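Trainee: What would the 3D arrangement of this be:
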Amino acid sequence: MTDLPFIGLINNAALLLALGVMYGLLQHRADDLQWQVVRGIFFGLIGIGVMMNPWHFSPGVIFDTRSILLSVGGLFLGTVSTLIALVMTGAFRLYLGGEGALTGVCVLVISGVLGLLWARVRRQPAYRFGSWEFYLFGITVHVGMLLCMLTLPAPTNWVVLRNISLPVLLIFPVGTVLLAKLLAGKEQQFLDRMALDNSEQQLQRLVEVCPVPLVITQENRDIVFVNSKFTELFGYTLDDIPTVEAWWPLAYPDAAYREELRQRWNAAAAKAIETQTEIEPQRARVTCRDGSVREVVGMFSSIGEKDIVLLNDVTRERELDRMKSEFIATAAHELRTPLTSIMGFTEMLLNDRELDQPQRDELLAIVYQKAEALETIVNDLLDLGRVESGRVIHLQKTPSDLCALIVSAIEAYRQEFRDRRFDLDWPESTFGEILLDPVKIGQVMENLLSNAVKFSPAGSPVRVGGSMGDGEIKIVVQDVGIGMNPEQVAHVFDKFYRADGSHTAVPGLGLGMAIAKGIVEAHGGRIQVESKKGAGTTVTFTLPAVSAATL
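Mentor: Sure, this is the predicted structure:
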């Protein structure tokens, strides 16, 4: 009888460790009550399993590794699962019966309660315990187990203690350490996996909300991810472009350009491999799903077998560069014209001594007029500089009669363009004097009336109206000229933008509307444009009705 405990208990411990491997399957949703019940039932079944393979000391007195199971379960499973396992194993031990039944239940209760108490006192996850702490815990539990043997009838209790104490204290604490380390390892693996999954989910969300179009490819063949910005900008979804080969003909439908791009890409990739660096950013024109074309700069980076491609949309920047180039050419032309006249007529005044006074006065008037044109261009550039630098256009507000200011602007154009009809629709009741910068508002009216005249045929009317409501004054300038399409309207306030950039276009720097917008907004107002190709243009701007009488 005394030579069998070692072999029986070792076999039982091996069975327990094998069953403990399955603990990893029970880690999911550990905080969910229903899942805790499932874990408790599962561990209860393991306890029943080890009790079905015991070492029989005597009829009704059996030994197995249930104490290891319930104590370690108390450390790792929590109260609900441990109590369920206790009830199941206790009921099964009572079912087996014998004189050691109550003692066996006592061992189960002591083991589970010690596990729960140890975990509560330590106040840290059991997977962080070291091997020596697990061993000390195992010694404590199994000393308690041996004390439970005193509940057996005498003299059986002393016979049991004499024969079982050494095997229990040698084998069971080691078994406790092995099972606890096994569960701790499974717990750590689960937590690491959860942390990795959370990191991947966070990365996925970060990539998804990235404001730059992003594509992830695998082995330079399959496209495994495109973010929402990519789909928003280019129109393609992952279903449209499952592979890189599917992307190329859609994004670059022109065969010659596609081949040129492939050669550039291959050269950049070969250089990156040779120099052991990242692939240099590549520029390309991407055809979107709706047929529009966008200019992008592609930046590439590799992580393992996956490549991340960022497609930075530079369409707007390229358009601004083009507009600035056109502006420089136009500005040079606009500046050269009055300068040429000023230099020519000044030379005549200096060299031709035979000119009489009326002729000199006429030439001086022309020089003065051209100088004013130069001053206007320079002032436009200065105002643009203020807007570009984020500064509000400087205003010198004074109490002013807005109606008189607008009438004066219209009369000046009536005198200059006698073939045009200028209609003024102004309410009979005046708004009184309001606080504004008369020079700047005059500049706005000058720009709007100039555009109306430039872009409408001779003899056509230009209508100017005014109204008041909601604490603001609304001024409307309307023509029946050539009008603009929606794309031109969308860009009308852009700096350097001219609806017609050809050499035959009407003169101008493309700054007027941008500056007008800046002046109106500096006054606290709003400006908008409505236009239809071939049907004319309506410009409306508002000014706060700040009466000078209230100041």
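
Trainee: Shouldn't D494 be within a strand?
Mentor: No: counting by DSSP: H, G, I helix; E, B strand; the rest coil, D494 is not found in a strand; it is coil.

Trainee: shouldn't it be in contact with A514?
Mentor: Yes: taking contacts as CB atoms under 8 Å, D494 lies within contact range of A514: 6.7 Å. No exception for glycine: its C-beta is placed from N, CA and C like everyone else's.

Trainee: quick one, which of these two is more surrounded?
Mentor: Each of D494 and A514 has its neighbours counted (other CB atoms under 10 Å); A514 has more, 21 against 17.

Trainee: pLDDT score for that one?
Mentor: A514 carries a pLDDT value of 80.

Trainee: what about it, which helix or strand?
Mentor: Per DSSP states H and E: A514 is located in helix 512-522.

Trainee: helices or strands up against that helix?
Mentor: helix 357-388, helix 438-454, strand 527-532, strand 536-544 (3 or more CB pairs under 8 Å, 6 or more residues apart in numbering; DSSP states H and E).

Trainee: Below-threshold pLDDT in the stretch 251-400 of the chain: ranges please.
Mentor: 304, 323, 325-335, 337, 373, 377, 380-393 (pLDDT under 70).

Trainee: export the helices and strands packed on helix 512-522 to CSV and tack on mean neighbour count and distance to V105?
Mentor: Output for the helices and strands packed on helix 512-522, formatted as CSV (neighbours: other CB atoms under 10 Å; distance: least, CB to CB, whole Å):
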stretch, mean neighbour count, distance to V105
helix 357-388, 14, 86
helix 438-454, 21, 95
strand 527-532, 17, 86
strand 536-544, 21, 88
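
Trainee: among those, which is nearest V168?
Mentor: helix 357-388 (86.5 Å; CB to CB).

Trainee: which parts of the following helix or strand past the closest one are buried?
Mentor: Remark: after helix 357-388, the chain's next helix or strand is strand 398-401, criterion DSSP H and E. By 16 or more other CB atoms under 10 Å, the buried positions in strand 398-401 come out as S400, D401.

Trainee: Now do the helix or strand just after strand 398-401, average pLDDT.
Mentor: Using DSSP H and E, the helix or strand that follows strand 398-401 in sequence is helix 402-416. Average pLDDT, helix 402-416: 85.

Trainee: Alpha carbons only: can I get helix 402-416 in PDB?
Mentor: Extracted in PDB, the C-alpha atoms of helix 402-416 (Å, rounded to 0.1, in the frame of the first residue of the first chain):
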ATOM      1  CA  LEU A 402     -23.700 104.100 -48.900                       C
ATOM      2  CA  CYS A 403     -26.300 105.200 -51.500                       C
ATOM      3  CA  ALA A 404     -24.300 108.200 -52.500                       C
ATOM      4  CA  LEU A 405     -21.200 106.100 -52.700                       C
ATOM      5  CA  ILE A 406     -22.800 103.600 -55.100                       C
ATOM      6  CA  VAL A 407     -24.500 106.300 -57.200                       C
ATOM      7  CA  SER A 408     -21.100 108.000 -57.600                       C
ATOM      8  CA  ALA A 409     -19.500 104.700 -58.800                       C
ATOM      9  CA  ILE A 410     -22.300 104.200 -61.300                       C
ATOM     10  CA  GLU A 411     -22.100 107.700 -62.600                       C
ATOM     11  CA  ALA A 412     -18.400 107.400 -63.300                       C
ATOM     12  CA  TYR A 413     -19.100 104.300 -65.400                       C
ATOM     13  CA  ARG A 414     -22.000 106.000 -67.200                       C
ATOM     14  CA  GLN A 415     -19.600 108.700 -68.300                       C
ATOM     15  CA  GLU A 416     -17.000 106.200 -69.400                       C
END
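
Trainee: thinking again about what came up before, nearest to G465, of the helices and strands packed on helix 512-522?
Mentor: Comparing the helices and strands packed on helix 512-522 by CB to CB, strand 536-544 comes nearest, at 9.3 Å.

Trainee: which residues touch the closest one?
Mentor: With CB atoms under 8 Å, 6 or more residues apart in numbering as the contact definition, strand 536-544 has outside contacts at 402, 434, 436, 441, 444, 448, 451-452, 455-456, 471-481, 483-484, 516, 520, 523-531.

Trainee: what's the answer for stretch 117-127, then?
Mentor: With contact meaning CB under 8 Å, 6+ apart, stretch 117-127 is reached by 74-76, 129, 137, 140, 180, 183-185, 187-188, 191.

Trainee: Can you get me the start-to-end distance on it?
Mentor: End-to-end distance for stretch 117-127, by CA to CA, to the nearest Å: 16 Å.

Trainee: what is the rounded mean pLDDT of it?
Mentor: Mean predicted lDDT for stretch 117-127 stands at 84.

Trainee: Centre of the chain to it, how far?
Mentor: 41 Å (CA atoms, centre = their mean, to the nearest Å).

Trainee: Stretch 401-421 now?
Mentor: Taking mean C-alpha positions (CA atoms, centre = their mean), stretch 401-421 and its chain are 52 Å apart.

Trainee: go on, stretch 307-327?
Mentor: Taking CA atoms, centre = their mean, one finds stretch 307-327 lying 21 Å from the centre of the chain it belongs to.

Trainee: Convert that stretch to CSV, retaining C-alpha atoms only.
Mentor: In CSV, the C-alpha atoms belonging to stretch 307-327 read as follows (Å, rounded to 0.1, in the frame of the first residue of the first chain):
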residue,chain,number,x,y,z
ASP,A,307,3.6,47.7,-48.7
ILE,A,308,1.9,50.9,-47.5
VAL,A,309,1.3,53.4,-50.3
LEU,A,310,0.3,57.0,-49.4
LEU,A,311,-1.1,59.0,-52.3
ASN,A,312,-0.9,62.7,-51.5
ASP,A,313,-3.3,64.7,-53.7
VAL,A,314,-1.4,67.7,-55.1
THR,A,315,-4.0,68.6,-57.7
ARG,A,316,-4.8,71.9,-56.0
GLU,A,317,-1.2,72.8,-55.5
ARG,A,318,-0.4,72.1,-59.2
GLU,A,319,-3.4,74.3,-60.2
LEU,A,320,-2.2,77.1,-58.0
ASP,A,321,1.3,76.8,-59.5
ARG,A,322,-0.2,77.1,-63.0
MET,A,323,-2.4,80.0,-62.0
LYS,A,324,0.6,81.8,-60.4
SER,A,325,2.6,81.3,-63.6
GLU,A,326,-0.2,82.8,-65.6
PHE,A,327,-0.5,85.6,-63.1
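
Trainee: that older thread, let's see which of the contacts of stretch 117-127 end up in helices.
Mentor: G74, L75, F76, F137, T140, A180, L183, A184, G185, E187, Q188, L191 (DSSP state H).

Trainee: and the fifth one, how far is that from R162?
Mentor: Counting by CB to CB, to the nearest Å, the gap between T140 and R162 amounts to 21 Å.

Trainee: between these two, who's got more neighbours?
Mentor: T140 (15 against 10).

Trainee: Please, which helix or strand holds T82?
Mentor: Short version, using DSSP H and E: T82 is in helix 79-96.

Trainee: Could you pull out the buried residues of the helix or strand following that helix?
Mentor: Later in the chain than helix 79-96, the nearest helix or strand by DSSP H and E is helix 101-122. Buried positions in helix 101-122, judged by neighbour count with 16+ other CB under 10 Å: 101, 103-116, 118-119.

Trainee: Can you give me the neighbour number for D290?
Mentor: 7.

Trainee: How about it: what's its closest non-neighbour residue?
Mentor: Of all residues not flanking D290 in the chain, G235 sits nearest, at 5.7 Å (CB to CB, 6 or more residues apart in numbering).

Trainee: Which residue is the nearest non-sequential neighbour of V476?
Mentor: Here the residue nearest V476, using CB to CB, 6+ apart, is G465, at 4.5 Å.

Trainee: Now do the helices in the stretch 151-300 of the chain.
Mentor: Secondary structure of the stretch 151-300 of the chain (DSSP state H, counting those that start in this stretch): helices located at 156-208, 228-234, 244-251, 255-275.

Trainee: which strands and helices sit next to the shortest one?
Mentor: The contact analysis (3+ CB pairs under 8 Å, 6+ apart) places helix 228-234 against strand 214-218, strand 306-313.
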